[in-house]
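S.K.: Give me a model of this one.
(one chain, ligands or ions: 2)
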Amino acid sequence: MKHFINLKDIKTSDLKKILKDAKKRKFKRKNLSTLDVDKGAPLKGKILIQMFEKSSLRTRLSFYLAIRQLGGGTITLRSNELHLGKGSESIADTAKILSTYGDGFMLRTDSDEKIKEFVKYIKIPLINGLSPSSHPTQVLSDVFTVEEIKKKPISKLNICWIGDSNNVLNSLIAASVKFSFKLNVGCPKRYEPKKAILEWIKKNKKTINIYYDPKKAVKNADVIFSDKVISLNDKVNIKKKTKDFKKFYIDSKLLKLAPNSIFLHCLPRGNEVSEKVFLGEKSHVWQQALNRVHVQKSILMYCFDKLR
Ligand code: CP
Ligand code: NVA
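M.R.: Ligands and ions are numbered 1, 2, ... in the order given. The predicted model follows:
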């Protein structure tokens with residue numbers, strides 16, 4: 001049994017195994033319908049309990065399809081309908097019950113501390129489906145999408161992030177260390193990654209390049225990633241933050257500075273990117289979103305110790 005909480009804590013060899021398995025499984029499903037089960041139904045009889053403390057469309061649906069396609073099932077809990085969410089049951093007791101009723105637990109939470117607390121008591125795999133500090137299932141899937149589209153290992157590509165230093169960027173930084181790719185970050189001053197993250201990069205003998213000018217950040221980029229300026233956990237002055245990011249708006253003019261680039265975005269989108277770019281030919285956001293099903297299947301296989 002293995003948890004999937006932060007990319008930085010998972011062995012690179014395991015992350016690569018997950019991607020390899022996802023590629024094989026995706027290929028083999030070419031002629032199958034959405035709810036057809038993969039050969040051998042490797043997770044037959046297993047139930048994944050999902051719990052969302054924040055909104056979700058993609059993560060919810062992709063985990064539903066992922067476990068179903070592996071032969072298992074899922075139930076989704078709303079935290080505000082649980083005793084835990086109402087503050088009248090402890091994480092310890094909730095975790096013990098989840099462990100006796102279920103086989104896996106996927107949690108989207110507004111608290112990294114809560115994940116740490118769950119890990120202390122849970123006896124089944126715990127998957128982080130987005131926390132304030134990371135979004136590991138999204139980013140591993142994005143690595144898959146990049147390699148699928150560019151037909152090259154990501155280590156040979158220049159990756160660029162234009163946007164806030166949020167959970168998705170933190171996971172992308174972790175991926176840049178694990179998969180050894182070059183990463184340029186374009187963000188306004190005072191919106192750089194946190195000191196602890198920069199120290200972690202240094203400790204791992206890696207560098208990322210931070211630019212306060214988006215034009216410099218996208219130079220030579222093979223992939224340009226972006227995300228909402230205001231994240232789910234953001235308790236900021238929205239007007240001010242939006243204004244601070246004005247220069248980092250992604251439009252066709254900016255993309256022209258990186259002629260070989262593709263555009264990716266985890267969705268949902270805000271006002272950080274033009275409609276023309278988002279729906280344009282360089283954008284692969286729909287393929288990116290759907291790939292989450294394929295990669296999360298292999299993440300589940302990893303968690304259930306079924307990856308060979
Ligand atoms: N990208 C992503 O995690 O989307 P949802 O918030 O809809 O799950
Ligand atoms: N950074 C965004 C990602 C949404 C999938 C957020 O946390 O809201």
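S.K.: Contact distance from ligand 1 - what residues of the stretch 201-308 of the chain qualify?
M.R.: Within the stretch 201-308 of the chain, the positions lying close to ligand 1 (CB under 6 Å from any ligand atom) are C266, L267. All C-beta atoms are positioned from the backbone trio N, CA, C, and that covers glycine.
S.K.: What sits closest to the residue in the stretch 201-308 of the chain that ligand 1 sits nearest to if chain neighbours are left out?
M.R.: Residue nearest to ligand 1 within the stretch 201-308 of the chain (CB to the nearest ligand atom): C266, separated by 3.9 Å. Nearest residue to C266, sequence neighbours excluded (CB to CB, 6 or more residues apart in numbering): Q138, at 5.1 Å.
S.K.: Quick check, central residue of the chain?
M.R.: The C-alpha lying nearest the average C-alpha coordinate of the chain belongs to Q138 (CA atoms, centre = their mean; 1.8 Å).
S.K.: Pull the residues that contact the helix or strand that one falls within.
M.R.: Taking DSSP states H and E as the definition, Q138 sits inside helix 136-150. Where contact means CB atoms under 8 Å, 6 or more residues apart in numbering, the residues beyond helix 136-150 that reach it are 4-7, 10, 15, 18-19, 22-23, 59, 127-130, 153-154, 157, 159, 168, 171-172, 174-175, 179, 222-223, 225, 262, 264, 266, 284, 287-288, 291-292, 294-296, 299.
S.K.: and it, is it in reach of ligand 1?
M.R.: Yes: counting by CB under 6 Å from any ligand atom, ligand 1 has neighbours in helix 136-150: Q138.
S.K.: List the buried residues in that helix.
M.R.: 136-149 (16 or more other CB atoms under 10 Å).
S.K.: and the stretch 1-150 of the chain, which residues reach ligand 2?
M.R.: So the stretch 1-150 of the chain meets ligand 2 at L130, H135 (CB under 6 Å from any ligand atom).
S.K.: how about a cut-off of 5 Å?
M.R.: Proximity of the stretch 1-150 of the chain to ligand 2 (CB under 5 Å from any ligand atom) involves no residue at all.
S.K.: Spell out the residue ranges of the strands in the stretch 1-150 of the chain.
M.R.: 47-52, 73-78, 104-108, 126-128 (DSSP state E, counting those that start in this stretch).
S.K.: most packed of these?
M.R.: Compared across the strands of the stretch 1-150 of the chain, strand 104-108 shows the largest average neighbour count, a mean of 25 (mean count of other CB atoms under 10 Å).
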